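Trainee: Next one to model:
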Amino acid sequence: MKLPLTFLFEITIDFQTLSKMSSEDRYRLRDLARYSDKLLQHRIYVFHLSDINKIRNVLNKYGIKLRFPARAELKRYGLSYSGLSLEVEGMGDSFKITQYFPDGREEVHIIPQKRVWRVYYLLKEFNEPVEPAKLWEKICKEFGIDRFFDRSGKFHKNSFFGDRRTYFDFYYFPIKVLEHIGKVRLGKKLEVIK
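Mentor: Below you'll find the model as predicted:
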């Protein structure tokens with residue numbers, strides 16, 4: 001079950017940290033909050049999970065690491081963690097993707113723009129919504145990744161999917177960038193937005 005975007009989470013920020021924030025950032029938090037309450041030494045904010053990346057951008061400026069609700073807490077509500085944890089930024093000839101994990105860890109991935117656009121044009125060649133596995137095979141052929149083909153030339157999609165580094169670097173992150181810039185629609189099948 002995917003975590004609904006209406007799920008609420010709570011953040012407590014002490015007054016000392018709030019006083020260091022610019023008034024613009026304090027107003028931003030106030031505007032995004034669904035509820036806030038002033039207590040003795042801190043302020044409690046309640047936000048929608050759908051706003052987590054906006055909130056993270058504000059809090060990162062002040063060294064506050066934002067964590068997703070713990071898995072045990074989500075399970076208590078019959079929910080599970082979903083991948084709402086990517087930020088995409090363009091950086092000249094590449095894209096920077098920051099991946100956030102529920103435990104507060106961050107990983108940064110740099111994906112060349114050339115790779116993203118090659119994946120886009122491979123997807124466009126289908127001229128219809130396509131299952132991801134068909135695109136995986138084209139990606140491997142395009143980039144000369146031949147270890148997922150047997151001697152007879154048959155593509156082994158489970159091996160490609162199982163090799164997480166190749167899967168993420170050549171498929172997942174480029175597709176996420178394309179989704180972010182509005183070129184691809186994700187679902188059971190991938191679809192180019194015209």
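Trainee: Going by C-alpha atoms from here, please, whenever you check contacts or count neighbours.
Mentor: Fine.
Trainee: got a pLDDT number for the most centrally placed residue in the chain?
Mentor: By C-alpha atoms, centre = their mean, the chain has its centre lying nearest to Leu86, at 2.1 Å. For Leu86, the pLDDT comes out at 77.
Trainee: now Phe7
Mentor: Looking at Phe7, the pLDDT reads 71.
Trainee: Could you check what's spatially nearest to the residue nearest to the centre of the chain, not counting adjacent residues?
Mentor: Distances taken as C-alpha to C-alpha, 6 or more residues apart in numbering put Gln99 closest to Leu86, at 4.7 Å, once the chain neighbours are dropped.
Trainee: Am I right that the one you found is in contact with Glu106?
Mentor: Yes. In this structure, Gln99 is within contact of Glu106 by C-alpha atoms under 8 Å, at 5.6 Å.
Trainee: next helix or strand past the lowest-mean-pLDDT helix or strand in the chain?
Mentor: Every helix and strand in the chain was compared by mean pLDDT, DSSP states H and E; the lowest is helix 71-76, with a mean of 62. Reading on from helix 71-76 to the C-terminus, the next helix or strand found by DSSP states H and E is strand 86-91.
Trainee: could I get that next one in PDB with only the CA atoms?
Mentor: Output of strand 86-91 as PDB, limited to C-alpha atoms (Å, rounded to 0.1, in the frame of the first residue of the first chain):
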ATOM      1  CA  LEU A  86      13.700  12.200  -4.500                       C
ATOM      2  CA  GLU A  87      14.700  15.700  -5.300                       C
ATOM      3  CA  VAL A  88      15.900  16.500  -8.900                       C
ATOM      4  CA  GLU A  89      18.000  19.500  -9.800                       C
ATOM      5  CA  GLY A  90      19.500  20.500 -13.200                       C
ATOM      6  CA  MET A  91      23.200  21.200 -13.000                       C
END
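Trainee: Next, find the distance separating the closest residue to Pro112 other than its chain neighbours from Lys194.
Mentor: Setting aside the residues directly before and after it, Pro112 is nearest to Ser94 in space (C-alpha to C-alpha, 6+ apart), at 4.1 Å. According to C-alpha to C-alpha, to the nearest Å, Ser94 and Lys194 sit 23 Å apart.
Trainee: quick one, which of the two is more surrounded?
Mentor: Ser94 (16 against 7; other C-alpha atoms under 10 Å).
Trainee: I figured the more buried one was touching Gln113, is that so?
Mentor: Yes. With contact defined as C-alpha under 8 Å, Ser94 reaches Gln113; the gap is 4.6 Å.
Trainee: confidence score at Ile175?
Mentor: pLDDT, Ile175: 92.
Trainee: what separates the helix or strand hosting it from the chain centre, distance-wise?
Mentor: Per DSSP H and E: Ile175 is located in helix 173-180. On the basis of C-alpha atoms, centre = their mean, to the nearest Å, helix 173-180 sits 9 Å off its chain's mean C-alpha point.
Trainee: sorry, back to before: assign the residue nearest to Leu86 to helix, strand or coil.
Mentor: strand (DSSP: H, G, I helix; E, B strand; the rest coil).
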